[in-house]
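**Q** Attaching a predicted model along with its sequence, questions to come.
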Amino acid sequence: MTAKRLTLTHTRIANGIWEGVLTGAGSLPQIEAFHQGRPLAGLTVTPVPGQAVTWAVHLPIPATVLSEGVQTVLLQAGGEVLAQFTLVAGQPLEEDLRAEIGLLRAELDLLKKAFRRHVVETAEQGQIS
């Protein structure tokens, strides 16, 4: 069976464990988790009782993934990404967000001024005609 028929749906992250449900696999699928190109240990895939092609997927999130900035973990089967999740942490991120919000505010101010100028110019042109 190819990975294209598999569907991995995120259900939750609780107590440091990513959880999902895999459907479409008739036999035990080979799934791997990667962070920054390196495989992560501890991923388990177990059959859901009473459901022939449904599997519970659990991945304990290792401490090495919890780092400053944005971290993404990929879950793959046969080289195809079935799911991913992103963790965001740290002070530098907070500073980045503040800077980004500052830039957005400055751009919004420029747009407001340009829009007001456009409205005034359009109104003046309408009065001249």
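**A** Structure received.

**Q** those helices in this protein, which residues are they?
**A** Per DSSP state H, the chain carries helices over the ranges 91-128.

**Q** quick check: domain ranges of it?
**A** 3-89, 90-129 (automatic domain parsing).

**Q** mean pLDDT for those: which is lowest?
**A** Within the domains of the chain, confidence is poorest for domain 90-129, with a mean of 83 (mean pLDDT).

**Q** and stretch 77-85, how far out from the chain's middle?
**A** 13 Å (Cα atoms, centre = their mean, to the nearest Å).

**Q** right, I mislabeled it, should have said stretch 97-116
**A** Per Cα atoms, centre = their mean, the centroid offset for stretch 97-116 relative to its chain is 26 Å.

**Q** before we move on, what about stretch 41-57?
**A** 23 Å.

**Q** can you tell me the distance between the two ends of that stretch?
**A** 13 Å (Cα to Cα, to the nearest Å).

**Q** Could you say which of the domains of the chain is packed most deeply?
**A** domain 3-89 (a mean of 14; mean count of other Cβ atoms under 10 Å). Using the backbone N, CA and C atoms, a C-beta is placed for each residue, glycine as well.

**Q** What residues are bridge-paired with residue 18?
**A** residue 13, residue 59 (DSSP bridges).

**Q** Would you mind measuring from it to residue 8?
**A** 11 Å (Cβ to Cβ, to the nearest Å).

**Q** Repeat that for residue 19.
**A** Per Cβ to Cβ, residue 19 is found 11 Å from residue 8.

**Q** next one: residue 55
**A** 9 Å.

**Q** what residues are shared contacts of those two?
**A** Residues touching both residue 55 and residue 8 (Cβ atoms under 8 Å, 6 or more residues apart in numbering) are 21-22.

**Q** do you know how far residue 54 is from residue 41?
**A** 24 Å.
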